[in-house]
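Based on what follows, work out the 3D shape:
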Amino acid sequence: MDEANRLGARFARLWGASTASAMGSGLATVATPLLVASRTSDPLVVAAASAVAWLPWLLFALPGGVLVDRVDRRRLMVTLDWARFGAMGLLAASLLVGRPSIAVLYTVLFVVNSGEVVFRAASQSMLPAVVPRPLLERANGWLTGGATLMQGVISGPLGGLLFALAAGLPFLVNTGTYAVSAVLIGLVGGSFRATDAVDRVHGVAGVDGAIAEGRSARRSVFADMAEGFRWLMRQRLLRTMALLIGLLNVTLTAAIAVLVLLAKERLGLGAVGYGALFSCMAIGGILGSAIGDRLVGWVTATWTIRIGLLIEAALHLALATSHSAWFLGFMLFAFGVHGALWSIVSNSLRQRLTPSALMGRVSSSNLFIAAGGNCVGALFGGGLAARFGVTAPYWVGFVVALGVAAATWHVFDRASVAAAYAVERPLEALPAER
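Numbering: from 1, shown residues only. Take a look at the predicted model:
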């Protein structure tokens, strides 16, 4: 591979940190409900683990973006990793030597996921300063693929095996992944503080007067949050993608929430078959990540988005009507490919269009909208299925996805997307390879 197409050593360290962290998070995701279920049979207590995991995304996504834009992003990520290392290490140790209370588990989950919210925004904001602009799609594909491989394929069976050996082992391994991530990110050379001055010198438009005149460090957190959110809402393409994914996350999470019932009642699948459905989606995600930058270049970002919306509608229709586990496995595979491509295009467009000084807040605003859709969808799916039957969430999802595709089709026209890719927003100077 020639020099112009290399992602470089800095990205390799960032990718290694992201992939290690994804494996640890996947282990904890698998082991947490197993641990709670081993301590209590109360459905409310079991379900509360998911609520505790999602709550930080709603509480800290927006203020976390402000923090990302005020400090050096690399140092912030290292600090967050070591904080999570300490919290998860305490939980793992207490599990290995005794029986901690559910309250201790929930407290650690809250702390760790609070760190994850800010870490994710910092990582997305740091990437444009790590790789050259033309390689953002490739870099996002590698990051998405690594996370999908670890969380969707490896962490599931590994987490179950480790938990069977000892309840504390998955959490102990998760502790180690935070240490690996902290060390690797610490080795990424350069300074990664938001550069108001760079954007100001080159005359970036549409970022409120605060950046044009220089931003005061004494501004309130609320004012900074509002600035980032307002900027996102003023960008037609990015605003549409953010609101669209928030709405589609409602119907997708609703669909996934009752998939276990559909698998059991209609498809006659047991635990292994049910898990295989998720494996199909994960394999599709890995394939989409591996070839994503080439596929997007071939079919264009416009048609990547449009076809993806149709695949989303087709998945819901298939889940509502099909009795074939094989066909649904194929549809989930196709959806996995679409999900990876969507992540590559949406992240890359946001990184290309957003000024450095707003990158953290715009990324966190996007995460906040997406997480809100997940939270609403989990409750919506269960209530809808209980009232109207197990296929009701899928019919609603089909109608919503089809309506969203029709309503936004014109937004993602070739001219608009091509104009977004043509924006020459100055990025931070890339530090020399180390």
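
what residues are up against Leu127?
Applying C-beta atoms under 8 Å, 6 or more residues apart in numbering, we find Leu127 in contact with Leu14, Leu136, Ala139, Asn140, Leu143, Asn347, Gln351. (C-beta placed from N, C-alpha, C; glycine too.)

Name the nearest residue to Gly284, sequence neighbours excluded.
Nearest residue to Gly284 in three dimensions, chain neighbours excluded: Gly336, at 2.5 Å (C-beta to C-beta, 6 or more residues apart in numbering).

what's the answer for Phe60, then?
Distances taken as C-beta to C-beta, 6+ apart place Val117 nearest to Phe60, at 4.8 Å, with adjacent residues excluded.

any idea which element the one you found lies in?
helix 102-126 (DSSP states H and E).

what about Phe327, neighbour count?
Using other C-beta atoms under 10 Å, Phe327 is surrounded by 12 other residues.

how deep is Phe388 tucked in, by neighbour count?
Neighbour tally, Phe388, other C-beta under 10 Å: 12.

I misspoke; the intended subject was Ile283.
Neighbours around Ile283, by other C-beta under 10 Å: 19.

do the same with Ala263
Neighbours of Ala263 under the rule other C-beta under 10 Å: 20.

before we move on, the earlier item: list the buried residues for the helix holding Val117?
102, 105-126 (16 or more other C-beta atoms under 10 Å).

give me the low-pLDDT residue ranges for this protein?
Residues of the chain meeting the criterion pLDDT under 70: 1-5, 41-51, 99-100, 195-218, 271, 378, 423-434.

how does it divide up, domain by domain?
1-193, 202-426 (automatic domain parsing).

longest helix anywhere in this protein?
Counting by DSSP state H, the longest helix found in the chain is helix 271-321.

Could you check the very next helix or strand once past it and say which residues are buried?
Using DSSP H and E, the next helix or strand after helix 271-321 towards the C-terminus is helix 325-353. For helix 325-353, burial by neighbour count (16+ other C-beta under 10 Å) applies to 325, 328-329, 331-353.

Check which helices and strands helix 325-353 sits against.
Contact here means 3 or more C-beta pairs under 8 Å, 6 or more residues apart in numbering; DSSP states H and E; on that basis helix 325-353 packs against helix 102-126, helix 136-148, helix 236-257, helix 271-321, helix 359-388, helix 414-422.

closest one to Trp54 among those helices?
Closest approach to Trp54 among the helices and strands packed on helix 325-353 is made by helix 359-388 (5.2 Å; C-beta to C-beta).
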